[in-house]
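**Student:** Quick check, what structure comes out for this input:
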Amino acid sequence: MLIIVTYDVSTETAAGRKRLRRVAKICERTGQRVQKSVFECNVNQMQYEDMERQLLAEIDEKEDNLRTYRLTEPVELHVREYGKFRAVDFDGPLVV
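**Tutor:** Got it, this is the predicted structure:
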């Protein structure tokens, strides 16, 4: 399933800046960055629940915002890209 993860972490304090880095690292391990605080993650249910658990452990719910969206199939009907950046096709061939 394709999940979109977005976050807004308060960086007014040193602790907030550390939280921001930790949240970004969790997302980078699971998906690809498509904008500064937006990630696309192609995961199964177990991977999604693990990622969500890790993210919730990091954010401060009084200061930060975390949102996840599950895109329904077929994804091609719900995602449109414009501009320079092109996301990696998770289902396409892997060329090394």
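**Student:** In a helix, residue 29, correct?
**Tutor:** Yes - Residue 29 forms part of a helix when assessed by DSSP: H, G, I helix; E, B strand; the rest coil.
**Student:** Phi first, then psi, for residue 55.
**Tutor:** Residue 55 adopts backbone torsions of phi -70, psi -40, taken as degrees, to the nearest 10.
**Student:** Verify the stated contact: residue 60 with residue 22.
**Tutor:** No - assessed by CB atoms under 8 Å, residue 60 is found out of contact with residue 22, at 11.5 Å. Bear in mind the C-beta positions are built from the backbone N, C-alpha and C, glycine included.
**Student:** more crowded one of those two?
**Tutor:** residue 22 (16 against 12; other CB atoms under 10 Å).
**Student:** mind listing what that one touches?
**Tutor:** If you count contacts by CB atoms under 8 Å, 6 or more residues apart in numbering, residue 22 has them with residue 58.
**Student:** So it: helix, strand or coil?
**Tutor:** Under three-state DSSP, residue 22 comes out as helix.
**Student:** Equivalent analysis for residue 50, please.
**Tutor:** Per three-state DSSP, residue 50 ends up helix.
**Student:** if I look at it, how far off is residue 4?
**Tutor:** Distance, residue 50 to residue 4, by CB to CB, to the nearest Å: 17 Å.
**Student:** what's the answer for residue 28, then?
**Tutor:** 15 Å.
**Student:** Which one's more surrounded, those two?
**Tutor:** The residue with more neighbours, out of residue 28 and residue 4, is residue 4; 16 against 11, by other CB under 10 Å.
**Student:** Wasn't that one part of a helix?
**Tutor:** No - using three-state DSSP, the assignment for residue 4 is strand, not a helix.
**Student:** wouldn't it be in contact with residue 66 here?
**Tutor:** No - Residue 4 is beyond contact range of residue 66, at 11.7 Å (criterion: CB under 8 Å).
**Student:** Do a quick rundown of the helices in the protein.
**Tutor:** 14-30, 45-58 (DSSP state H).
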